[in-house]
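>>> Build the 3D model from these lines:
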Amino acid sequence: MVKAKTKFVCSNCGASYSKWSGKCAECGQWNTLLEQMVEDSGKSAVALGVKSGKQLKTQSINSIESSERSARFKTGFSQLDEVLGGGILPASVSLLAGQPGIGKSTILLQLASNIAKDAPVLYISGEESAAQVKLRAKRLANSHSENLNFASSTSANDIAATIRSQQYKLVIVDSIQTLSLEEVSSAPGSVSQVTNSGNVLIRAAKSSDTAVMIVGHVTKDGTLAGPKVLEHLVDVVLNFEGDRYGGFKTLRAVKNRFGSTNDIAIFEMDNEGLKPVLNPSQALLAERLNTDGSIVLATIEGTRPILVEIQALVNTTSFGYPKRTASGFDLNRLNLLVAVLQQRTKLNLADKDIYVNVVGGLKLQDPAADLAVCMAIASAASGRKLDDHLIVFGEVGLGGEIRSAHSSERRISEAKKLGFTAAIAPKTAAKGIGKFVLPVADLRSALIKYINK
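Residues are numbered from 1 along each chain as shown. The predicted model follows:
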């Protein structure tokens, strides 16, 4: 009996090997090699490529008729429509990823119910039964519609056939890691199953003019699980971020073929599902207690200005090596800023434990948060607080200089709406704005002028 040929494929990057090893040589991940059967087609791939195929028919780009499929489906969430570029486009394929329990299935069920008021929608779950989805629908507000249909399946073949039937305008698949193709022998969630199942669903969506939204799992470090090729195949990649136990949750587009990737949607969870936060700045500062170590940062999330509180706590360490902890802020960036503070301002932090927290569960990626973090640490270390009506923003360089921040006008406009009277910011932010900006050139002068009082 002829022994079946096998190969070992990395579930993280897709690299294949003839023998198993504990570590993938391509991506460096451990225990990711899975055994798969090798299909023997009986014909040489080179020969197939030479003998098959026919010449393509070409046409001038100017002679192509523009598509009239621009009528988008409104999701019922204005912020989410902006993230998607105006709504869900027919024949588009979107991939939604996020941590377990953050609300992916919840927001998709709410979205499906809103669209089902005007068009037939199908929600397909490979993880939950019909009774489980019905329980969630009862809890959510406005999740009752005759046009909202449900099916439970893990067969990519059956789902693709249902999409091609053109009975539904929107099909939601939860999730891609549970699907499998009959022609592929590997287990669901493997590289080959995810890639081939994704290809089948995308081809069905494009041929039937049906919008498809797919849920994807994430790894423990927050990246999308499975092969990177899946992100290249789909039209839109959405990341659902935040603390699943509370706080605000942000939905941002990492990739969008039909719109900008600069917009975000901010939600909060309650008993009736996810609801958009119309004024996140006011909500984030509502419970603020102005003490030492508390600084209000004017940041930009996508294109939206948001005022958020940065908290710092500095304490003498009880161990030989001081501890640095950051919640919502990059820890490596925090260590760099602490080094700049010690070297450029002569602030002694070598024997101090430093804790930095971004209120509301937001995860900051804005370089202009540097100055606010530095001033919060200096305020906590000295026991002095900043004035109640000041906001802060600006990037800090290794030389201690304060560098410019983009969208200064929008940051300042948001601060004025909430009653702040001045902003500690780079000199470039003062152009055309008047006396609202208190310009600072370097970190040392900013601390001496506004903290050491």
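
>>> Doesn't Arg252 belong to a strand?
Yes - remark: Arg252 belongs to a strand, assigned using DSSP: H, G, I helix; E, B strand; the rest coil.

>>> for stretch 78-85, what is the average pLDDT?
Across stretch 78-85, pLDDT averages out at 91.

>>> Which positions within that stretch qualify as buried?
By neighbour count on 16 or more other C-beta atoms under 10 Å, the buried set for stretch 78-85 is 79-85. For every residue, glycine as well, the C-beta is placed using N, CA and C.

>>> got it, and stretch 226-242?
Applying 16+ other C-beta under 10 Å to stretch 226-242 flags 226-227, 230-231, 234-242 as buried.

>>> cool, stretch 26-34 as well?
Across stretch 26-34, burial judged by 16+ other C-beta under 10 Å covers 32-34.

>>> next SSE after whatever helix or strand Gln132 lives in?
When elements are assigned from DSSP states H and E, Gln132 belongs to helix 130-139. On the C-terminal side of helix 130-139, the nearest following helix or strand under DSSP H and E is strand 148-152.

>>> Give me the contacts around that following strand.
112-113, 116, 120-126, 128-130, 133-134, 162, 168 (C-beta atoms under 8 Å, 6 or more residues apart in numbering).

>>> Quick one: buried ones out of those residues?
For these, buried by 16+ other C-beta under 10 Å: 112-113, 116, 120-126, 128, 133, 162, 168.

>>> Just put the residues you listed in CSV and tack on pLDDT and secondary structure.
Shown next, in CSV, are the buried ones among the contacts of strand 148-152 (pLDDT from 0 to 100; DSSP: H, G, I helix; E, B strand; the rest coil):
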residue, pLDDT, secondary structure
Ala112, 92, helix
Ser113, 91, helix
Ala116, 91, coil
Pro120, 93, coil
Val121, 94, strand
Leu122, 95, strand
Tyr123, 94, strand
Ile124, 95, strand
Ser125, 93, strand
Gly126, 90, coil
Glu128, 88, coil
Val133, 88, helix
Thr162, 95, helix
Tyr168, 94, coil
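
>>> Could you point out which of these is nearest to Pro367?
Ala112 (37.8 Å; C-beta to C-beta).

>>> which ones are touching the closest one?
Counting by C-beta under 8 Å, 6+ apart, Ala112 makes contact with 121, 123, 148, 170, 172.

>>> what's across from the first one in the sheet?
Judged by DSSP bridges, the bridge partners of Val121 are Leu148, Leu170.

>>> so who does it touch?
Neighbours of Val121 in contact, by C-beta under 8 Å, 6+ apart: 112-113, 115, 145, 147-149, 168-172.

>>> least confident pick among those residues?
Across the contacts of Val121, the smallest pLDDT goes to Ser145, namely 72.

>>> re the thing from before, identify the farthest-apart pair in the buried residues of stretch 78-85.
Gln79 and Gly85 (12.6 Å).

>>> how does this structure divide up, domain by domain?
Following automatic domain parsing, one gets these domains for the chain: 6-44, 71-278, 282-450.

>>> Tell me which of those domains sits nearest to Gln59.
Per C-beta to C-beta, nearest to Gln59 of these: domain 71-278, 18.8 Å.

>>> ok, back up a step: which of the contacts of Val121 has the most neighbours?
The most neighbours of any of those, using other C-beta atoms under 10 Å, belong to Val171, which has 28 neighbours.

>>> Point out the least confident member of the buried residues of stretch 26-34, please.
Scanning the buried residues of stretch 26-34 for pLDDT, the smallest score is found at Leu34, 78.

>>> quick one on the thing from earlier: narrow the buried residues of stretch 78-85 to those in helices?
Taking DSSP state H as the definition of helices, the buried residues of stretch 78-85 contribute 79-83.

>>> Let me know the closest of these to Gly383.
Of all those, Gln79 has the smallest distance to Gly383: 40.1 Å, by C-beta to C-beta.

>>> quick one: the closest one from Ile264, how far?
Note on Gln79: its distance to Ile264, by C-beta to C-beta, to the nearest Å, is 8 Å.

>>> returning to that earlier point: how about the buried residues of stretch 226-242, which pair is most distant?
For these, with distances taken as C-beta to C-beta, the pair at the greatest spread is Pro227 and Gly242 (25.7 Å).

>>> hey, where'd the helices end up in the chain?
45-51, 78-83, 104-115, 130-139, 156-164, 191-208, 229-233, 280-285, 331-345, 370-382, 408-417, 443-450.
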